[in-house]
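Colleague: Here is a sequence together with a model predicted from it:
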2 protein chains.
Amino acid sequence: MKVKEIMDKEFIGVGPNMTIVDASIKMESHKKFTTPVLDNENTLIGWITSLDVTRGLRDNHKYVKEIMYPKEEIVHVHEDEPARMAVLAASQHKVVSIPVIDSNDKVVGVVRTFDIVKTLSKLYEIKVTKIFEAMVKELKGVSWDELMEASAIVTKRETGKRVTAKEYEQRIKNSTFGEAIWATGGLEKFFVGLIAIGELVIARKVAKARK
Amino acid sequence: MKVKEIMDKEFIGVGPNMTIVDASIKMESHKKFTTPVLDNENTLIGWITSLDVTRGLRDNHKYVKEIMYPKEEIVHVHEDEPARMAVLAASQHKVVSIPVIDSNDKVVGVVRTFDIVKTLSKLYEIKVTKIFEAMVKELKGVSWDELMEASAIVTKRETGKRVTAKEYEQRIKNSTFGEAIWATGGLEKFFVGLIAIGELVIARKVAKARK
């Protein structure tokens, strides 16, 4: 996934010679805490935040250019970079949004942290059932019921609690990858459980084939 | 993981009778785009954003209470809720931060979207090697080299490109779970690849045991 797939193309921009009052009204009506400062060709020349705007209003500054951060200080990403670069940049620099530029240095979008959260949480919110469905599809010759049975056995072995195949099926239908990771105590542990299930089901499949 | 484990305890607050100018200075000096409005006992009574502050300054309002959102309109989470509830709330409501309350309705922290991004991206940034190490540990009797060999074979089968076990090992050493998911085209596909590797290595282990 590239930066351009998660960026907001409906960004707003302000000019360096716009008054701070006008910029403030524009940002408020679009509910943007931050916005790029652009020249007439959409080239990135600065960046302002609503906090700079409050300072500008308090101190009676007049124009955007008096309160903006210069281009050199702005964290930005290229539209063709992997989306995870934007994730890392937002995380490292603790910013709420990052301008996205194309190869001509024009601003083509803005990545906002809540867009990132949305993208990341979509991954998290995948139903665990999906993963088991992929497993059955991949493990040709293993049925869904055999997989659920193996899962119930592994669960019993690892937690000490008896669970039927039907109960296990119900459990994964109602839980997401995110919940599973938090419930099992981390990504590696979640995998280990899956691998144990895979091992059991494959061992049974091989044994059946040899009969 | 609970909300209280990802929240920022160093949040600031303002009072309803604080002047907008003072609130503005406080928010700017702490670089906070949003802040809870609290009474003397830290009970949540409102919420202001820096955009509301710019409006307050422009329109010559005097006190925080004139520009704040009332409590009923504020998205908030409880400190003992699962952290993913804060993730979902931030994503759904497109907010940059969410106040966290305890059982007495006191504000005990604020969850900011970049804290969420940081937590989620930590998950993403786990090295793929870790997952393979967990696999070897779980699949007793399978060596690391056997696992790498099986992985190289599956990669050849799925991508058509020849890769040696050594090259495969190098590749997973340098890549993270996040990259792997984006590279393979999604969580399910990543799992399918892992399962295919597991299947091959287990089939080989079973065959060896029968010799």
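Modeller: Nice, I can see it.

Colleague: Wait, residue A:195 touches residue B:197, no?
Modeller: No - using Cβ atoms under 8 Å, residue A:195 is not in contact with residue B:197, being 9.8 Å away. The way it works is simple: take the backbone N, C-alpha and C, and place the C-beta from them, glycine included.

Colleague: Identify the contacts common to those two.
Modeller: Counting by Cβ atoms under 8 Å, 6 or more residues apart in numbering or on different chains, the residues touching both residue A:195 and residue B:197 are residue B:135.

Colleague: in chain A, which spans are helices?
Modeller: Counting by DSSP state H, chain A has helices at residues A:3-6, A:20-29, A:50-58, A:83-93, A:113-124, A:128-138, A:144-159, A:165-174, A:177-184, A:187-210.

Colleague: Roughly how far does residue A:99 sit from residue A:139?
Modeller: 46 Å (Cβ to Cβ, to the nearest Å).

Colleague: Neighbour count for those two, which is higher?
Modeller: Between residue A:99 and residue A:139, counting by other Cβ atoms under 10 Å in any protein chain shown, residue A:99 is the more crowded of the two (24 against 20).

Colleague: Looking at the helices of chain A, which one is packed in the most?
Modeller: Each of these was scored by mean neighbour count; the highest is helix A:50-58, a mean of 23, by mean count of other Cβ atoms under 10 Å in any protein chain shown.

Colleague: Check which helices and strands that helix sits against.
Modeller: helix A:20-29, helix B:20-29, helix B:50-58 (3 or more Cβ pairs under 8 Å, 6 or more residues apart in numbering or on different chains; DSSP states H and E).

Colleague: which residues touch it?
Modeller: By Cβ under 8 Å, 6+ apart, helix A:50-58 touches A:20-21, A:23-24, A:27, A:32-34, A:61, A:66-69, B:21, B:24-25, B:27-28, B:31, B:33, B:49-51, B:53-54, B:57-58.

Colleague: repeat that for 7 Å
Modeller: A:20, A:23-24, A:27, A:33, A:66-67, B:21, B:24, B:27-28, B:31, B:33, B:50-51, B:53-54, B:57-58 (Cβ atoms under 7 Å, 6 or more residues apart in numbering or on different chains).

Colleague: can you give me how far that helix is from the chain middle?
Modeller: Relative to its chain's centre, helix A:50-58 lies at 31 Å (Cα atoms, centre = their mean, to the nearest Å).

Colleague: What average pLDDT does that helix get?
Modeller: Across helix A:50-58, pLDDT averages out at 95.

Colleague: Need the CA coordinates for that helix. PDB is fine.
Modeller: Coordinates of each C-alpha in helix A:50-58 appear next as PDB, following Å, rounded to 0.1, in the frame of the first residue of the first chain:
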ATOM      1  CA  SER A  50      -4.200  26.200  14.600                       C
ATOM      2  CA  LEU A  51      -2.000  26.800  17.600                       C
ATOM      3  CA  ASP A  52       0.200  29.100  15.500                       C
ATOM      4  CA  VAL A  53      -3.000  30.800  14.400                       C
ATOM      5  CA  THR A  54      -4.100  31.400  18.000                       C
ATOM      6  CA  ARG A  55      -0.700  33.000  18.700                       C
ATOM      7  CA  GLY A  56      -1.000  35.100  15.600                       C
ATOM      8  CA  LEU A  57      -4.400  36.300  16.600                       C
ATOM      9  CA  ARG A  58      -3.300  37.000  20.200                       C
END
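
Colleague: Could you check the angle that helix makes with helix B:50-58?
Modeller: Between helix A:50-58 and helix B:50-58, the angle formed by their directions is 10 degrees, by axes from the mean of the first three to the mean of the last three Cα atoms, to 10 degrees.

Colleague: between helix A:50-58 and helix B:20-29, how big is the angle?
Modeller: Going by the same axes, to 10 degrees, helix A:50-58 is angled at 140 degrees with respect to helix B:20-29.

Colleague: picking up where we left off before, need the helices and strands packed on helix A:50-58 in CSV (columns: distance to residue A:157).
Modeller: Formatted as CSV, the helices and strands packed on helix A:50-58 follow (distance: least, Cβ to Cβ, whole Å):
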stretch, distance to residue A:157
helix A:20-29, 57
helix B:20-29, 54
helix B:50-58, 54
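
Colleague: out of those helices, which comes closest to residue B:42?
Modeller: Shortest distance between residue B:42 and these, using Cβ to Cβ, is found for helix B:20-29: 15.8 Å.

Colleague: for the closest one, packing partners?
Modeller: Counting contacts by 3 or more Cβ pairs under 7 Å, 6 or more residues apart in numbering or on different chains; DSSP states H and E, helix B:20-29 is packed against helix A:50-58, helix B:50-58.

Colleague: Include distance to residue A:148 when you put the ones you listed into JSON lines, please.
Modeller: Output for those, formatted as JSON lines (distance: least, Cβ to Cβ, whole Å):
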{"stretch": "helix A:50-58", "distance to residue A:148": "53"}
{"stretch": "helix B:50-58", "distance to residue A:148": "51"}
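
Colleague: Residue A:167 is nearest to which of the ones you listed?
Modeller: helix B:50-58 (49.5 Å).

Colleague: quick one on the thing from earlier: could you identify which of the helices of chain A has the lowest mean pLDDT?
Modeller: helix A:177-184 (a mean of 72).

Colleague: how close does the residue nearest the centre of chain A get to residue B:84?
Modeller: Central residue of chain A (Cα atoms, centre = their mean): residue A:120, 2.4 Å from the mean position. Separation of residue A:120 from residue B:84 (Cβ to Cβ): 11 Å.
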